[in-house]
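# Kindly return the folded structure for what I paste below:
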Amino acid sequence: MQLSQGLGARLSGGIGGREAVLGHAAMLVFCSMVAGSFTFGALTANLVHPVAFQAMRFAFAAAVVGLLGLATGQIRLSDARAPWRWLILGGTFSTYFVLMFEGLKTAPPVSASAVMTLMPIMTAIFSWILLRQVTTRRIALALGIGALGALWVIFRGDFNRLLALDVGRGEAIYFFGCVAHALYVPLVRWLSRGESAVSSSFWVLCAGTLVLTVYGWRPIMATDYASLPPIVWIALGYLSIGAMAVTFVCLNFASVRLVGAKVMAYTYLTPGWVILWELAFDHGLPDPHVLAGLALTAVAIVLLLKHEA
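Modelled structure (predicted):
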């Protein structure tokens with residue numbers, strides 16, 4: 001009886017104590033490093049086909065995580081059982097990255113990162129469908145405030161654009177990528193069979209590489225890799241090691257220690273980090289109207305991460 005109650009608590013909520021603290025720490029690393037992918041993505045999105053770039057990125061990240069797993073003994077061949085799980089997870093996650101880079105061809109980095117802040121509310125919905133994780137009133141309020149702040153940024157603080165649903169093409173494309181990412185978080189927990197974060201990350205990255213290679217064989221073969229500018233290779237290095245290999249492990253680590261809505265709550269910090277990245281690349285500050293929307297997302301994350309009474 002106690003065992004079944006403990007399992008039910010784990011599936012319906014978060015894990016307390018030290019494990020939860022580690023999950024939060026992992027997501028802090030996650031959001032700070034993910035923010036850089038918006039700046040690098042905007043710099044390279046129009047220089048290389050997104051599927052070809054993501055195939056290289058997944059393969060490189062899989063190699064990095066694979067070496068880490070072999071060195072630490074955390075990757076086991078037995079974890080590859082039921083490979084359909086990894087194909088579903090790899091396909092879902094690779095969809096997110098391809099649509100992200102496609103969207104960044106036209107969407108400004110800060111605006112695109114605001115679209116990402118819609119993911120917590122979508123994650124909460126998917127978490128209820130797959131895991132029956134119930135969202136409290138306070139979390140629901142926080143998700144609503146965060147969504148409002150995201151919409152404010154997406155529509156550039158222009159009420160007329162909101163009424164006309166005047167959404168940029170890049171933001172619209174990226175939105176569907178965010179739907180895939182939001183689904184991925186509860187899927188990790190739903191399909192997990194006790195694998196370590198490093199092991200599950202490795203198999204998902206391998207599966208994602210396979211999916212991207214099969215789907216994008218033509219653009220992959222048509223890309224003239226020798227003529228790609230240096231910024232593409234610099235971006236590939238950062239995005240593969242920092243914004244994928246490291247953050248992928250962090251996301252999988254946190255997804256089995258925190259409820260889905262709290263995992264994705266950290267996406268509310270991303271626009272602020274993107275602004276810092278943009279300043280570092282001398283791209284200037286966003287419009288002051290946009291900053292008001294970011295203030296709302298700050299309120300949302302405080303409410304989301306506050307302990308339940």
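
# what ranges do the helices span in the stretch 101-250 of the chain?
Here the stretch 101-250 of the chain has its helices, by DSSP state H, counting those that start in this stretch, at 109-116, 119-131, 137-154, 159-163, 169-191, 197-215, 217-222, 230-237, 247-255.

# And those: which comes nearest G73?
Of all the helices of the stretch 101-250 of the chain, helix 197-215 sits nearest to G73, with 9.7 Å by Cβ to Cβ. Backbone N, C-alpha and C define where each C-beta goes, glycine included.

# still on that earlier bit, looking at the helices of the stretch 101-250 of the chain, which is nearest to G103?
Smallest distance to G103 across the helices of the stretch 101-250 of the chain (Cβ to Cβ): 3.2 Å, for helix 169-191.

# quick revisit: rank the helices of the stretch 101-250 of the chain by mean pLDDT and give me the bottom one.
In terms of average pLDDT, helix 159-163 trails the rest of the helices of the stretch 101-250 of the chain, at a mean of 64.

# Give me the contacts around stretch 176-184.
Stretch 176-184 is contacted by residues 89, 92-93, 95-100, 102-103, 115-116, 118-120, 122-123, 125-126, 264 when judged by Cβ atoms under 8 Å, 6 or more residues apart in numbering.

# let's see 7 Å
The contact list for stretch 176-184 (Cβ atoms under 7 Å, 6 or more residues apart in numbering) reads 89, 92-93, 95-96, 99-100, 103, 115-116, 118-119, 122-123, 126, 264.

# now do stretch 49-56
94, 97-98, 101-102, 209, 212-213, 215-216, 219-220, 223, 236.

# re earlier: for the helices of the stretch 101-250 of the chain, which one sits closest to S78?
helix 197-215 (9.6 Å).

# What residues sit buried inside the closest one?
197-212, 215 (16 or more other Cβ atoms under 10 Å).

# Over to stretch 181-196?
By 16+ other Cβ under 10 Å, the buried positions in stretch 181-196 come out as 181-191, 195-196.

# Looking at the contacts of stretch 176-184, which is nearest G168?
For the contacts of stretch 176-184, the closest approach to G168 (Cβ to Cβ) belongs to G103, at 8.6 Å.

# Give the burial count for the closest residue in space to that closest one that isn't next to it in sequence, as a bare number.
Using Cβ to Cβ, 6 or more residues apart in numbering and skipping residues adjacent in sequence, the residue nearest G103 is Y174, 3.2 Å away. Residues lying near Y174 (other Cβ atoms under 10 Å) number 30.

# And for H49?
Here the count is done by other Cβ under 10 Å, and H49 has 18 residues near it.

# Pretty sure A62 sits against T209.
Yes: between A62 and T209 there is a contact under Cβ atoms under 7 Å: 5.7 Å.

# Please point out which parts of the helix or strand hosting L87 sit buried.
Here L87 sits within helix 84-103, counting by DSSP states H and E. Within helix 84-103, the residues scored as buried using 16+ other Cβ under 10 Å are 85-103.

# what do you get for stretch 25-37?
Buried positions in stretch 25-37, judged by neighbour count with 16+ other Cβ under 10 Å: A26, M27, V29, F30, C31, S32, M33, V34, A35, G36, S37.

# want to throw those residues into CSV with distance to V302, pLDDT and secondary structure?
Compiled in CSV, the buried residues of stretch 25-37 are given as follows (distance: Cβ to Cβ, whole Å; pLDDT from 0 to 100; DSSP: H, G, I helix; E, B strand; the rest coil):
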residue, distance to V302, pLDDT, secondary structure
A26, 19, 86, helix
M27, 15, 85, helix
V29, 19, 83, helix
F30, 18, 85, helix
C31, 15, 82, helix
S32, 18, 80, helix
M33, 22, 85, helix
V34, 20, 83, helix
A35, 19, 83, helix
G36, 24, 85, helix
S37, 25, 85, helix
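
# quick one, phi psi at T117?
Dihedral angles of T117 (phi, psi; degrees, to the nearest 10) stand at phi -70, psi 0.

# For it, the count of nearby residues, please.
Neighbours of T117 using other Cβ under 10 Å come to 31.

# How about it: what's its closest non-neighbour residue?
Nearest to T117 is A150, by Cβ to Cβ, 6+ apart, at 4.2 Å.

# Could you pull up the residues touching the one you found?
A150 neighbours (Cβ under 7 Å, 6+ apart): A114, V115, T117, L118, G293, T297.

# 10 Å instead?
Contact partners of A150, counting by Cβ atoms under 10 Å, 6 or more residues apart in numbering, are 111, 113-121, 267-268, 271, 293-294, 296-297, 300.

# for the protein, which residue is closest to the average position?
H181 (5.7 Å; Cα atoms, centre = their mean).
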